[in-house]
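**Q** I need the structure of the sequence given here:
(one chain, ligands or ions: 2)
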Amino acid sequence: MSERTLAIIKPDAVKKNAVGDIINRYEQAGLKPVAIKMIHMSQSVVEGFYAVHKARPFFGSLCAFMSSGPAVVLVLQGDNAIKKNRELMGATDPAKADAGSIRKAHGANIEFNAVHGSDSPETAQFEIGYFFPGMEIFS
Ligand code: IDP
Ligand code: MG
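**A** Numbers count the residues shown, from 1 in each chain. Ligands and ions are numbered 1, 2, ... in the order given. Sure, this is the predicted structure:
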């Protein structure tokens, strides 16, 4: 079933010039970018995006990281896009991520882990709407 997911190429990956490699991996896996932009998120934009993690000990540090520089946000569309993207990304901790995954290739540690991907249809819907109005999504 074709579905959509939200991906973010985080500020660490933008800084290391990994944007092209990561987008190429999406396309090669059949995940088509149908919306894309570069944004420098403010602290409050990150806090709203990661509101589900507000109680976690790493929340403050995560918000500082995500607002530390520009990031690339994308909507990816394809069969089983949510699960497929989570597989491409690899585990949250790059040290535990599968060989060949994006986080294994570009992540430094459990925080600076290069990419974000929605984890369910409900979060995908919220996250896509958080960054993109319908008229900026092309399918
Ligand atoms: P996910 O990105 O694999 O879905 P989540 O548990 O949703 O992982 O965490 C969101 C983000 O918060 C992670 O991608 C990572 O950047 C950061 N994070 C998660 N766990 C930790 C931690 O234990 N220490 C520091 N940062 C963390
Ligand atoms: Mg998550």
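**Q** C-alpha from now on. contacts and neighbour counts both.
**A** Will do.
**Q** How much space separates residue 133 from residue 3?
**A** 17 Å (CA to CA, to the nearest Å).
**Q** So if I had to pick from the two, which one is more boxed in?
**A** Counted by other CA atoms under 10 Å, residue 133 and residue 3 do not tie: residue 3 has more neighbours, with 14 against 10.
**Q** which residue ranges form the helices in this protein?
**A** 11-15, 19-28, 43-49, 59-66, 81-89, 102-106, 121-131 (DSSP state H).
**Q** How about the contacts made by residue 133?
**A** Residue 133 makes contact with no residue, according to CA atoms under 8 Å, 6 or more residues apart in numbering.
**Q** Residues in a beta bridge with residue 8, which ones?
**A** Residue 8 forms beta bridges with residue 73, residue 116, as assigned by DSSP bridges.
**Q** Distance of residue 111 relative to residue 80?
**A** 26 Å.
**Q** Ligand 1 contacts on this structure?
**A** 58, 62, 92, 110-113, 116 (CA under 6 Å from any ligand atom).
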